[in-house]
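**Q** got a predicted structure here, sequence first:
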Amino acid sequence: MILNIGSKNIVKIEALKETINDYKFLSDAKIITKDINSDVSEQPMTIDETVDGAINRAKASYGDCDYSIGIESGFMKVKNAKTGYMEVTVCAIHDGTDTSLGFSSCFECPPKVMKNILDKDQDLTQACNSVGLTADPKLGQAQGMIGILTKGRVKRKDYTKQAITMALIQLDNRELYN
């Protein structure tokens, strides 16, 4: 079994490695990483754009494998959220024909962070750095914003694993999704 993942981000790769250990049909899979562009904005601002980014990564990394995986984080509009947006991670798993999707839990960023994203066209890491929440230029390859907000109780890898697990529902229960 070969799994291609359309990313070189260590958090996404480690999340995939840890998650597949819980699945007998995937536990011996070899993971091949590919540097794939999402073909969406650097900072996706809608759920559709975030889903498209995950699907684009999965489909572009498909080839000489059983499944390919695309993972994309971005924002979705939520009318009752204080800032109007919540951050979510989407996983797409592609088998050459079909694509299954999974979503993580989502959370709201502090208003001053969202203001920089919206008004200054910064990505999440840049916004966190500019408001002084972190000085980590690679926040998305570490604990992520969720790690800062939960004080380490939930890290980016944790909710990336959620998205992967949710996307794997269809593969683990193929008889229910045909």
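**A** Nice, thanks for sending it over.
**Q** next structured bit after the longest helix along the chain?
**A** Taking DSSP state H as the criterion, the chain has its longest helix at helix 156-172. Per DSSP states H and E, helix 156-172 leads on to helix 174-177 as the next helix or strand towards the C-terminus.
**Q** pLDDT (mean, whole number) over stretch 59-72?
**A** In this model, stretch 59-72 has a mean pLDDT of 98.
**Q** when you give positions from now on, start the count at 352
**A** With 352 as the first residue, the last one maps to stretch 410-423.
**Q** endpoints of that stretch, how far apart?
**A** Counting by CA to CA, to the nearest Å, you get 13 Å between the two ends of stretch 410-423.
**Q** now do the contacts for Gln477.
**A** For Gln477, the contacting residues are Asn467, by CB atoms under 8 Å, 6 or more residues apart in numbering. To be clear about C-beta, it is placed using only N, CA and C from the backbone, and glycine gets the same treatment.
**Q** what helix or strand does it sit in?
**A** helix 475-481.
**Q** what's the mean pLDDT across that helix?
**A** Per-region confidence: helix 475-481 scores 89 on mean pLDDT.
**Q** what's in contact with the helix or strand that that helix is followed by?
**A** Using DSSP H and E, the helix or strand that follows helix 475-481 in sequence is helix 495-500. Contacts to helix 495-500, defined as CB under 8 Å, 6+ apart, come from residues 362, 424, 438, 458, 460-461, 464, 475, 479, 484-485, 490, 505-507, 509-510.
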